[in-house]
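Asker: My questions concern the predicted model and sequence given below.
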Amino acid sequence: MPILESKLDVRTEEFQKNRTDMLEMLATLDELYIEAEAGGGEEAMERLRSRGKMPIRERISLVLDADSPFLEISPLAAWRSNYNVGSGFVVGIGVISGTECVILGHDPSVRAGAFNQFNSKKLMRGLEIARENRMPYIQFVESAGADLRGQGGGGDPEQAIRREGGHFGESGRLFYEITELSKMRIPTISVVFGASTAGGAYQPGMSDYNIFIKGQSKVFLGGPPLVKMATGEDADEESLGGADMHTTISGLGDYLADDELDGIRICREVVAHLNWRKKGPGPTLPADEPKYDPEELLGIVGQDLRVPFDMHEVITRIIDGSRFEEFKPLYGPTLICGWASIHGFPIGILGNNGALFSESSEKAAQFIQLCNQIDVPMLFLHNITGYIVGTDFEQGGITKNGSKMINAVANSTVPHITIIVGASYGAGNYGMSGRAFGTRFTFIWPTAKIAVMGPKQMAGVMTIVQRNAALRRGLEFDEKANDERAAIAEYWAEERSKGLFATSRVSDDGMIDPRETRTVIAIALSACHNDVVAGTKEFGTWRM
């Protein structure tokens, strides 16, 4: 396979500025990660430790195999909201007793591990990853149930639930999802570290294996106050739902641990006896490092996405040995297609080098079919403003040919992994297998922007529409007032299109350091290969 040669000049002023800007963005990310790790703050963490409890990230680090990575999903959820960064849940992929697992953990230092609209999305995403990739699901449970206070922290609880999207919609679905995993023969394990009330009680209730901790685990549908109000009974926590009761009387608990460390040990033993076997093939190709330094990824993409860059330069720094067999390089050159491998896993790559034209759309549709024919997963690298528009292009069949590409993406059955490097606007996001198209994993760079269209274009379109509407009504169009509205609209469109805002709303699986792209893709590919990797020859009707 030929080596993809780099033409990047790292000595240019543009490269150095891009690198400096990227490092500044990564420094901001590091600060946010530290904030997320702090949970409910120093006082809340000390209160946990005084009760003999460990912070959630310590629990997870101890259950993982030594020196194994942990790929956290949506670590910056709830940024710029009234909730803590991270939203009080940790979700990710890690290796336990040699088995890749999805791990979810409530952070009891944040609102007692209660469910809110952000962490409910993270929870459902974790269940989705376990289901789609056939991975054992581990829950570290300690939850007060639904957070009835809502985002404002007060007010009418019923209105708060409706405002936040409805806990019954997502947290309630949790019960179904855990049970479905068991039906699919995907093991579910709960380690209960503290009080698990109401909806939180059903997490162990629906699990295959339950590990309770002596004197610490408490599981009940209604705690003593609710029991008193509902029945008049004065019940104490231990007899109502303590670890001893559930492991000796009710039978909800399967294992009784002496303390948290013992509970984590038992969890590792349970995973070890699962006899878990991956159905997909392992790495089959040499996994040597790229020929070019991944550090150089820092300077390729600038903050101004109107300045073009060559996606080949990204590709050659993330693939094994920088070896790349490009498909149809002379046809439809605004879309790069080709075969490579990442950490030994074969992969087909599609990367944007401009808008999608008819030719590049047709090339993509053919390439996607070929990847399905040979059971090879695909990687989509986004920097796309959309499909080309205009009279000549419409007459040339851009809608028809763009639809072929989207048809191929929608019907493809091999795993898709998406990295949004730069822009990802409009239907271009769909054609490049955006989140709505069942992509197995979606990660973004700090330079990413995601929107229906570019902010400047959006403001301009709104102006044209409003001016035409005024003309139709015979009204005078106030240009000055419109310019002010357009500037405000452009500002907010710009702010909300930024990758940091998108990732905080759990619209992807997390923002990553460009230098870690190769590793993140490799972990995602390995997760995908827990199940059979099988393509399809069945596609929807092509409009020829």
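Answerer: Structure's in. What do you need? Residues are numbered from 1 along each chain as shown.

Asker: quick one, what contacts the residue nearest to Asp375 when sequence neighbours are not counted?
Answerer: Distances taken as C-beta to C-beta, 6 or more residues apart in numbering place Gly535 nearest to Asp375, at 4.9 Å, with adjacent residues excluded. (Each C-beta comes from the backbone N, C-alpha and C, glycine too.) By C-beta atoms under 8 Å, 6 or more residues apart in numbering, the contact set of Gly535 is Cys371, Asn372, Gln373, Ile374, Asp375, Val376, Ser412, Thr413, Val414.

Asker: what do you get for Gln203?
Answerer: Gln139, Val141, Ser143, Leu174, Ile178, Ser190, Ser196.

Asker: remind me which residues of the stretch 51-200 of the chain are low pLDDT?
Answerer: Residues of the stretch 51-200 of the chain meeting the criterion pLDDT under 70: 148-172.

Asker: hang on, the earlier thing: quick one: which of the contacts of Gln203 is nearest Ala257?
Answerer: Ala257 lies nearest to Ser190 out of these, by C-beta to C-beta, at 12.3 Å.

Asker: does that closest one really touch Ile213, like I thought?
Answerer: No: Ser190 lies out of contact with Ile213 (C-beta atoms under 8 Å); the separation is 11.5 Å.

Asker: So which of these two has more stuff around it?
Answerer: Ser190 (29 against 26; other C-beta atoms under 10 Å).

Asker: Sticking with that one, tell me its helix or strand.
Answerer: If you go by DSSP states H and E, Ser190 is part of strand 188-197.

Asker: Show me what that strand is packed against.
Answerer: Counting contacts by 3 or more C-beta pairs under 8 Å, 6 or more residues apart in numbering; DSSP states H and E, strand 188-197 is packed against strand 137-143, helix 167-183, helix 202-205, strand 209-213, strand 218-220, helix 260-272.

Asker: Helix or strand with the lowest mean pLDDT in this protein?
Answerer: Least confident helix or strand, the chain: helix 157-163 with a mean of 39, by mean pLDDT, DSSP states H and E.

Asker: on that earlier part again, the strand holding Ser190 pairs with which strands, parallel or anti?
Answerer: strand 137-143 (parallel), strand 209-213 (parallel), strand 218-220 (parallel) (DSSP bridges).

Asker: Tell me the gap between the second one and the middle of its chain.
Answerer: By that I understand strand 209-213. 28 Å (C-alpha atoms, centre = their mean, to the nearest Å).

Asker: Quick one: residues in contact with that strand.
Answerer: 187-193, 204, 219, 243, 246-247, 252-260, 262-263, 266-267, 270.

Asker: Let me have the contacts of Gln203 in JSON lines, extended by distance to Tyr425.
Answerer: Shown next, in JSON lines, are the contacts of Gln203 (distance: C-beta to C-beta, whole Å):
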{"residue": "Gln139", "distance to Tyr425": "37"}
{"residue": "Val141", "distance to Tyr425": "40"}
{"residue": "Ser143", "distance to Tyr425": "38"}
{"residue": "Leu174", "distance to Tyr425": "33"}
{"residue": "Ile178", "distance to Tyr425": "37"}
{"residue": "Ser190", "distance to Tyr425": "42"}
{"residue": "Ser196", "distance to Tyr425": "43"}
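
Asker: Go through those and name the one nearest Ala522.
Answerer: Gln139 (25.7 Å).

Asker: residues touching the nearest residue in space to the closest one that is not next to it in sequence, list them.
Answerer: Excluding the flanking residues, the one nearest Gln139 by C-beta to C-beta, 6+ apart is Ser190, at 4.6 Å. Taking C-beta under 8 Å, 6+ apart, we find Ser190 in contact with Ile138, Gln139, Val141, Gln203, Pro204, Ser207, Tyr209, Asn210, Ile211.

Asker: and if we set it to 6 Å?
Answerer: Ser190 sits next to Gln139, Val141, Gln203, Pro204, Ser207, Asn210 when contact means C-beta atoms under 6 Å, 6 or more residues apart in numbering.

Asker: and which of the residues you listed is nearest Gly351?
Answerer: Out of the contacts of Ser190, the member with the shortest distance to Gly351 (by C-beta to C-beta) is Gln139, at 37.1 Å.

Asker: Poorly predicted segments of the chain, please.
Answerer: Scanning the chain for pLDDT under 70 picks out 148-172, 452-463, 477, 481-496.

Asker: Tell me which stretches of the stretch 1-150 of the chain form helices.
Answerer: Using DSSP state H, counting those that start in this stretch, the helices assigned to the stretch 1-150 of the chain run over residues 13-37, 42-50, 56-63, 117-133.

Asker: what would those look like in TSV with distance to Glu326 and mean neighbour count?
Answerer: TSV is the format used below for the helices of the stretch 1-150 of the chain (distance: least, C-beta to C-beta, whole Å; neighbours: other C-beta atoms under 10 Å):
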stretch	distance to Glu326	mean neighbour count
helix 13-37	24	15
helix 42-50	51	13
helix 56-63	41	19
helix 117-133	29	23
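
Asker: Of all those helices, which one comes closest to Glu289?
Answerer: helix 13-37 (20.4 Å).

Asker: angle of the closest one against helix 56-63?
Answerer: Interaxial angle, helix 13-37 versus helix 56-63 (axes from the mean of the first three to the mean of the last three C-alpha atoms, to 10 degrees): 100 degrees.

Asker: tell me the angle of helix 13-37 relative to helix 42-50?
Answerer: Interaxial angle of helix 13-37 relative to helix 42-50 (the same axes, to 10 degrees): 50 degrees.

Asker: next one: stretch 443-451 to chain centre, how far?
Answerer: 12 Å.

Asker: Then stretch 45-59?
Answerer: Per C-alpha atoms, centre = their mean, the displacement of stretch 45-59 from the mean C-alpha position of its chain is 27 Å.

Asker: Then stretch 184-195?
Answerer: 21 Å.

Asker: Likewise for stretch 119-128?
Answerer: When distances are taken as C-alpha atoms, centre = their mean, stretch 119-128 is centred 9 Å away from the chain's centroid.

Asker: ok, and what's touching that stretch?
Answerer: Contacts of stretch 119-128 (C-beta under 6 Å, 6+ apart): Ser74, Ala77, Ser87, Gly88, Phe89, Val91, Val102, Leu104, Glu170, Ser171, Glu177, Val506.

Asker: Could you dump these into JSON lines and include distance to Glu233 and neighbour count?
Answerer: What follows is the contacts of stretch 119-128, written out as JSON lines (distance: C-beta to C-beta, whole Å; neighbours: other C-beta atoms under 10 Å):
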{"residue": "Ser74", "distance to Glu233": "41", "neighbour count": "27"}
{"residue": "Ala77", "distance to Glu233": "39", "neighbour count": "28"}
{"residue": "Ser87", "distance to Glu233": "35", "neighbour count": "30"}
{"residue": "Gly88", "distance to Glu233": "31", "neighbour count": "30"}
{"residue": "Phe89", "distance to Glu233": "33", "neighbour count": "28"}
{"residue": "Val91", "distance to Glu233": "37", "neighbour count": "28"}
{"residue": "Val102", "distance to Glu233": "38", "neighbour count": "26"}
{"residue": "Leu104", "distance to Glu233": "33", "neighbour count": "26"}
{"residue": "Glu170", "distance to Glu233": "32", "neighbour count": "20"}
{"residue": "Ser171", "distance to Glu233": "27", "neighbour count": "26"}
{"residue": "Glu177", "distance to Glu233": "33", "neighbour count": "19"}
{"residue": "Val506", "distance to Glu233": "40", "neighbour count": "24"}
